[in-house]
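J.: model this:
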Amino acid sequence: MSDTIFIERDRMNRIVPLILAVALFMEHMDSTVISTALPAIAMDLGVSPITLKLALTSYMVSLAVFIPISGWMADKFGAKNIFRLAIGVFVIGSIMCAISSSVFSFVVSRFLQGMGGAMMTPIGRLVLLRTTDRKDLVSAMSLLTIPALVGPLTGPPIGGFITTYFTWHWIFIINVPIGIIGIWLSSVHLPEIPARGAPPLDRIGFVLTAVAAAGLVFGLSVVSLPALPPAIGIGTTLLGLLCGGLYILHSRRHPNPILKLEIFRNTAFRAATTSGSLFRIATGAVPFLMPLMLQLSFGMTPFQSGLTTFAGAAGALTVKFVAKRAFAAIGFRTALMSASVAGAAMTAVNALFDANTPPLIITFFLFASGLARSLFFTGANALSYSDIGDDEASQATSISSVMQQVSLALGVAFAALVLETSSYISGTHLQLADFHLAFLIVSAISLCSIIPILSLPRHAGASVSGHRIRTADQAEAPGE
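T.: Numbers count the residues shown, from 1 in each chain. You can find the predicted model right below:
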């Protein structure tokens, strides 16, 4: 009987992360897949590609608005139910995008897609936390980390291929069968996770967090967008900061705030989340900078540049097979510090590339960059939840997801600001030197992610990594 239970638990530990990873891959890929298709979509809708970039921004704003409420909804109605609902909303939004006939309807449809995506990522992690043993969390997180890294890298080449050989509508139509399969697999294989009797919704807190997150994401995303005056981006960013400050005051007085900031008292969560946010600035900036540099300075086509950057996805996939052993051997602290330094170095190496650099060299370093980033995020995600109890899991996943969206938007905005400032000072159009400078600055910021990790004890998160247990066993061995 015990063998049967063990086999069933092992099967669940494998299939649950896989189902969640497939759904999250669809969401993460879709956030970037339309980037290469914007000119074709804009031509059909009768607007300029610059104007249509508002569709990208509306998606990110929707994510920022609805992520904070996802944890409350999971506790109120059950995580499995909301995860299936999230996939359904995402599929409906995809269908609406495919049949859109105006820029307004397309932007609204992308916003609806973002509502589904906002619930998918944090609730996917929540389901994982509540169905996975802590000792298996690293392996599970390595699967769940892959979509966030591979999706943005595979989006541009897939979007370019579909747009070139089919029509842009298929970018969204392919989500329909994937989503239906995801709902079916979730219904059949995901365990039932009962509702937890959530307290009444903190409506004021929801409004404040929604405006704060949306203001920051929208402001940072459009501050350098030619279609809108810079004052709009600056103003909405300041509004977001103001509402964020007001929410901090509100959360201290409300008995059940929508986001409980007290969770940052947890040392492992605070260090991993802060470090991950700094490191993720480069993760947001590099997919923005690299295709532009390859196309504008190296003369590659969008499809060629997409295929080149795909090497990073291969590196991210490779880490899945070594992450658990690496953390068990050297622990989270040492592994994260090493990955932080390696990731920053791989970002800085991009500043050495020029049009004469052999493509094989570029591919190698992009592959190495994917290795470092995947190892870092697998470890940071597992460490941040290592000491989180089930009663705090929904809060932890919601807060982490909000910070991720803001840091990704900050990465893109900062990279664009460096490019524009550098080209303005030089008085020319974008040059290769501008991209080199942006990579170096982003690399320096990425390296700062090592600072929060330095304060961690050597065996932080050992219950998840197995590092302390392994060391103890070895210490006892001589006395046997």
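
J.: how about Gly179: what's its closest non-neighbour residue?
T.: Spatial nearest neighbour of Gly179, chain neighbours left out: Val91 (3.7 Å); criterion: CB to CB, 6 or more residues apart in numbering. Backbone N, C-alpha and C define where each C-beta goes, glycine included.

J.: residues contacting the one you found?
T.: The contact partners of Val91, taken as CB atoms under 8 Å, 6 or more residues apart in numbering, are Gly116, Asn175, Val176, Gly179, Ile180.

J.: weed out the non-buried ones from these.
T.: By neighbour count, with 16 or more other CB atoms under 10 Å, the contacts of Val91 hold Gly116, Asn175, Gly179 as buried.

J.: can you name every helix or strand that the lengthiest helix in the chain contacts?
T.: The residue-count maximum for a helix in the chain (DSSP state H) belongs to helix 393-426. In terms of contacts (3 or more CB pairs under 8 Å, 6 or more residues apart in numbering; DSSP states H and E), helix 393-426 is packed against helix 49-77, helix 103-131, helix 203-222, helix 267-292, helix 359-384, helix 432-447.

J.: buried ones in that helix?
T.: For helix 393-426, by 16+ other CB under 10 Å, it's 393-416, 418-420, 422.

J.: next one: stretch 203-218
T.: For stretch 203-218, burial by neighbour count (16+ other CB under 10 Å) applies to 205-218.

J.: before we move on, the earlier item: from the contacts of Val91, which is closest to Phe365?
T.: Nearest to Phe365, judged by CB to CB, of these is Asn175 at 32.4 Å.

J.: so what's that closest one up against?
T.: Residues in contact with Asn175 (CB under 8 Å, 6+ apart) are Met26, Asp30, Phe90, Val91, Ser94.

J.: repeat that for 6 Å
T.: Residues near Asn175 by CB atoms under 6 Å, 6 or more residues apart in numbering: Ser94.

J.: so for it, what's the pLDDT?
T.: pLDDT, Asn175: 87.

J.: what separation do you get for it and Leu238?
T.: Distance, Asn175 to Leu238, by CB to CB, to the nearest Å: 36 Å.

J.: go on, Ile451?
T.: 27 Å.

J.: so Ser100, which of the three states?
T.: When classified by DSSP: H, G, I helix; E, B strand; the rest coil, Ser100 comes out as coil.

J.: that one contacts Phe106, doesn't it?
T.: Yes - judged on CB atoms under 6 Å, Ser100 makes contact with Phe106 at a distance of 4.0 Å.

J.: show me which of these two is the more surrounded one.
T.: Set Ser100 next to Phe106 and count neighbours by other CB atoms under 10 Å: Phe106 wins out with 25 against 21.

J.: in contact with that one, which residues?
T.: The neighbours of Phe106, taking CB under 6 Å, 6+ apart as the test, are Ala55, Ser100.

J.: so for Gly312, what's the pLDDT?
T.: Per-residue pLDDT puts Gly312 at 75.

J.: count of residues packed around it?
T.: Gly312 has 30 neighbours, counted by other CB under 10 Å.

J.: contact partners for the nearest residue to Pro230 once chain neighbours are set aside?
T.: In space, and not counting its chain neighbours, Pro230 is closest to Val223: 5.9 Å by CB to CB, 6+ apart. Contact analysis of Val223 by CB under 6 Å, 6+ apart lists Pro230, Gly233, Ala413.

J.: 7 Å instead?
T.: Val223 is in contact with Pro230, Gly233, Ile234, Thr237, Ala413, counting by CB atoms under 7 Å, 6 or more residues apart in numbering.
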